[in-house]
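S.K.: Pasting a predicted model and its sequence here:
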Amino acid sequence: MSRRYFLLIFILLSILSLATCQKESKTSLLIYSPHGTELLEAMKARFEEKNPQVEIQFLDLSSQEIYDRVKLERANTQADIWWGASAITFGQAAEEGLFEPYKPTWADKVTEIARDSQDRWYGTFQTPEVIVYNQTALKTEDIPKDWDDLLDPKWKGRLIVRDPVRSDTMRTIFGAMILRQWSAAQTPDAGYDWLRKLDANTKEYTVDGTLLLQKLARQEGVVSLWDLPDVALAINRQKMPLEFVIPASGTPLVIDGIAIIKGTKQLKLAQEFYEFVTTEENLLLAASEFYHPPLRTDIDKAKLPDWLRKIEIKPMPVDQTLYKTNIQDWMRYWDSQIRNQNNR
Amino acid sequence: MRDKPIFIFFLLIVCLVLFWGVFYPNLSVLLTSFQQKNTWSLANYKEIFISPLILRATFNSFWISIATVIGSAIVGGAMALIFHFLEFPGRRIFAALAPLPLLMPPLIGVIAFIFLYGESGIISRVIIKTFSLTSPAWQLNGPGAILAVHIYSFYAYFYTFISTSLNNLDYSLLDAARSLGASRQKIFFSILLPLLKPALIGASLLTFMNSMASFSAPYLFGGGTPMLTLQIFNAKVGSQWELAMAESVLLAILSIFALIWLTYNQETTIGGSKGTASITRRTITNFWLKLTTLFVTFIAITIIILPLLTLLLISFAKDGSWTVEILPPSYTFSNYEKVFSNPRFIEPIYNSLIMSALSAAGAFFFSLPAAYLFTRTKFFGQKALIILTMIPWALPGTVLGLSFAASFNEAKWSNGGIVLIGTFWILPILYFLRTLPLVLRSTQANLEQVDANLEGASRSLGASFFYTLRHVILPLILPGAISGTALAFATAMGEFVTSVIVYVPNSRPISIEIAAQLRAFHLGNAAVYGVFLTIIIAISLLIGRRLSSTKLSNNI
């Protein structure tokens, strides 16, 4: 009888000894990124091919999780690079002193808003927000063409929205909708009214992007607002019966950046990787395979992938300072005063 | 007191582990909750008590947790009793399937639920079709949905605890009562229930705390129902870190309040000396009764295994092909091929296995002396230690992970120079702290059921402490310890919320892989990993059952 327990203990101990011997031979570089395993795997393979002595490791986390981690690890930095978060999040992290300044060779090839004045982060991709719909469920003449079309009562109960409290993308859209009508009265009231009407049509606020698109594909709802890369991936890779339009009056472009984390022990290597993923070649790869439009202005339009050349992206100006200082308050107001108040 | 040095030795170890592992990191949670913008302040608590939203969330969390305990106790208890006392065709299979929901890793479990009972889920669509409805018959939304998911996930605690206790019971007591003419109700309420009390209390506690701290179900199915864990999450996302900590403290206090209330209501059990009489199951002879029993159990088992079957179905479905049909229209092996052909495929499975095994082994060896100290001895500060062991279970996973990681992020005098952040070890240690209550409670429930006089007898007959330990105490409490350890292992295998905060490249667990696949819309691949995880957990629970049900009493 007792032999059985000793056997159990023995097995556990041998597992323990296995667990403790981890081999370390190559120089490794740790990347935190929300860009998804596939894009990261592709870049890892290409970089390691060029630098065989280096091993790229990455953790695939959401930008909020990365932010928490980097703050937490400040005293004992773990990762070398943070690749992927909105300019707002990066701005906040930069103010908290989480980044090591670096001026990339292409620093002057991005516009003013896509770079930090102290070189603490730079923009890599620009993410347009789009209107997405189920193409099998809608007739051509019904397809919404602009933001305001979503307020039409005919969408009542057919609109599904990702919960904005937990989503950078949705916060950006909601913030832009408020700022769009800001200049007239200098208050968010007109924007709140717009969001109230949107809420009246909204059937459900889903908790993540995957579920949102899944529910659209399964026709629990037929229209939504979301970001282009996710939608394009779902259409082209997953063959979901969805389609998207860039709103006619313009779309807020989310600047998606890259930064070196302060305290990295591999500064030189981190800079090399930073440069590597932002070469024209790799930006074009990210654009054609993963639907991330590049921010660099010096890329020849003719080299851009077909899908990107076919669409016209009209940027909607967003006052970054106003947005940054107010978005928390707006979201809190929306959460307590607008959400689910208008469709009962 | 010849044994005093041994007790003191174990007590020291227990204190040390709990001090570093629980008290020290959570002290920072408490201190932070009394700060605002780096100055001491009560503002966070003031906000809690004036904000109607937070108050409503607290109230919701509280009543839903109580309802979860009641519901889980009824479902889990009824199943354990029926399978234990009645004999009917298929009983053994049903009994083996009953703890199945534990196999569902939380993340995958909710996805399966959505595909089954969500608006466009299989069951919902079948009902819409059969009854030609124009709108879905129900919404998988609001407190009802949370409660359903909770009971589905937590009744297994009651089932496992009660089953282990029933296996350990001295049935001569029941026989004696029966022969003295006691009615069935009398036997149930006066003998069986008091004997099962430790198991019931243990399971209630775990369920209550787990449900208070539950995040995924309210997050996915809450549909705007404010709950405390969601408020904590929102505060954190909104950069109100101190408020989030104050809300966590509130949550922990409510949980601990339940712990204290339940332990004070726990009187000593009636003398359940371990006899040798074993159970004779009643065979149901009445045809109609048999049919009803069969029918009811069949329905119950169907409800239990449907989510698992759904998982299996999704793992074979072509991604994106399943839109408005009841079942996926086309099937493929490609999800499995894709997962298998990935050279990194085995890594997360391997990592999770090792980390869970380490944490479960730790919890097992820690729980044996700790359970003994907590139930059989009396010392100053005992209640405080018991509360400390429960805190990691009572706090939401995010708060536990963040506070622990923040306490061991650099070498300081206060943390003994231990740096855990960025190391492989941080996850096994966190799993250990988090699942410890499962093993401890299950062991304690067993120990409390056993009459302390047994040990006294052994000692007075001249047996040494270690002889008594080996031949009297251990055989009596091992079943509980082992089934608790199996639960702990299963829980650690599926753990996500804490893992995501502190995992490192070489400790990437399977739940993270599943989340990554989900985020990349690879539902099929996520399901494949889910299937693997389920199989591993099933095997571990089976081994646990085997080991805990062997006739240990033969050793006495």
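M.R.: Nice, I can see it. Numbering: from 1, shown residues only, chains lettered A, B, ... in the order given.

S.K.: Touching, A:Thr27 and A:Ile56? I think so.
M.R.: No: with contacts defined as C-beta atoms under 8 Å, A:Thr27 does not count as touching A:Ile56, sitting 10.1 Å away. Quick note: C-beta positions are derived from backbone N, CA and C, even for glycine.

S.K.: neighbour-wise, which of the two wins?
M.R.: Legend: neighbour count by other C-beta atoms under 10 Å in any protein chain shown for A:Thr27 and A:Ile56, higher for A:Ile56 (24 against 12).

S.K.: so where does the more buried one fall, helix or strand?
M.R.: Of the helices and strands defined by DSSP states H and E, A:Ile56 is found in strand A:54-60.

S.K.: Which elements pack onto that strand?
M.R.: In this structure, strand A:54-60 makes packing contacts with strand A:27-33, helix A:37-50, helix B:510-519, judged by 3 or more C-beta pairs under 8 Å, 6 or more residues apart in numbering or on different chains; DSSP states H and E.

S.K.: Let me have the ones you listed in TSV, extended by mean pLDDT and distance to B:Ser460.
M.R.: Written out in TSV, the entries for the helices and strands packed on strand A:54-60 read as follows (pLDDT from 0 to 100; distance: least, C-beta to C-beta, whole Å):
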stretch	mean pLDDT	distance to B:Ser460
strand A:27-33	94	62
helix A:37-50	93	65
helix B:510-519	87	51
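
S.K.: and these as JSON lines, adding distance to A:Gly263?
M.R.: Compiled in JSON lines, those are given as follows (distance: least, C-beta to C-beta, whole Å):
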{"stretch": "strand A:27-33", "distance to A:Gly263": "12"}
{"stretch": "helix A:37-50", "distance to A:Gly263": "22"}
{"stretch": "helix B:510-519", "distance to A:Gly263": "24"}
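
S.K.: Of those, which stretch is the most buried?
M.R.: Counting by mean count of other C-beta atoms under 10 Å in any protein chain shown, helix B:510-519 has the highest mean neighbour count of the helices and strands packed on strand A:54-60, with a mean of 24.

S.K.: what does the stretch 101-250 of chain A put close to chain B?
M.R.: Taking C-beta under 8 Å from any C-beta of the partner chain as the criterion, the neighbours of chain B within the stretch 101-250 of chain A are A:136, A:165-166, A:204-205, A:207-211, A:213-215, A:217-220, A:233-234, A:237-241.

S.K.: now do 7 Å
M.R.: Contact residues, the stretch 101-250 of chain A versus chain B (C-beta under 7 Å from any C-beta of the partner chain): A:165-166, A:207, A:210, A:217-220, A:233-234, A:238-241.

S.K.: Format the residues you listed as JSON lines; extra columns: secondary structure and pLDDT.
M.R.: Putting these into JSON lines (DSSP: H, G, I helix; E, B strand; the rest coil; pLDDT from 0 to 100) gives the following:
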{"residue": "A:Val165", "secondary structure": "helix", "pLDDT": "78"}
{"residue": "A:Arg166", "secondary structure": "helix", "pLDDT": "73"}
{"residue": "A:Val207", "secondary structure": "coil", "pLDDT": "80"}
{"residue": "A:Thr210", "secondary structure": "helix", "pLDDT": "85"}
{"residue": "A:Ala217", "secondary structure": "helix", "pLDDT": "90"}
{"residue": "A:Arg218", "secondary structure": "coil", "pLDDT": "87"}
{"residue": "A:Gln219", "secondary structure": "coil", "pLDDT": "89"}
{"residue": "A:Glu220", "secondary structure": "coil", "pLDDT": "89"}
{"residue": "A:Leu233", "secondary structure": "helix", "pLDDT": "89"}
{"residue": "A:Ala234", "secondary structure": "helix", "pLDDT": "89"}
{"residue": "A:Gln238", "secondary structure": "coil", "pLDDT": "82"}
{"residue": "A:Lys239", "secondary structure": "coil", "pLDDT": "85"}
{"residue": "A:Met240", "secondary structure": "coil", "pLDDT": "88"}
{"residue": "A:Pro241", "secondary structure": "coil", "pLDDT": "91"}
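
S.K.: Name the member of those residues with the most neighbours.
M.R.: A:Ala234 (27 neighbours).

S.K.: if I read this right, that residue contacts A:Leu213, doesn't it?
M.R.: Yes: using C-beta atoms under 7 Å, A:Ala234 is in contact with A:Leu213, at 4.8 Å.

S.K.: Show me the shaky parts of the stretch 351-500 of chain B.
M.R.: Across the stretch 351-500 of chain B, no stretch falls below the confidence threshold (pLDDT under 70).

S.K.: And for chain B?
M.R.: B:1-3, B:265-279, B:549-556.

S.K.: Tell me which stretches of it form strands.
M.R.: Using DSSP state E, the strands assigned to chain B run over residues B:35-36, B:39-40, B:86-87, B:282-283.

S.K.: what does chain B put close to chain A?
M.R.: Listed as neighbours of chain A in chain B under the rule C-beta under 7 Å from any C-beta: B:53, B:119-120, B:219-220, B:224, B:234, B:237-239, B:319-320, B:323-324, B:354, B:357-358, B:361, B:402, B:405-406, B:409-410, B:419, B:421-422, B:424, B:500-501, B:505-506, B:516, B:518-521, B:555.
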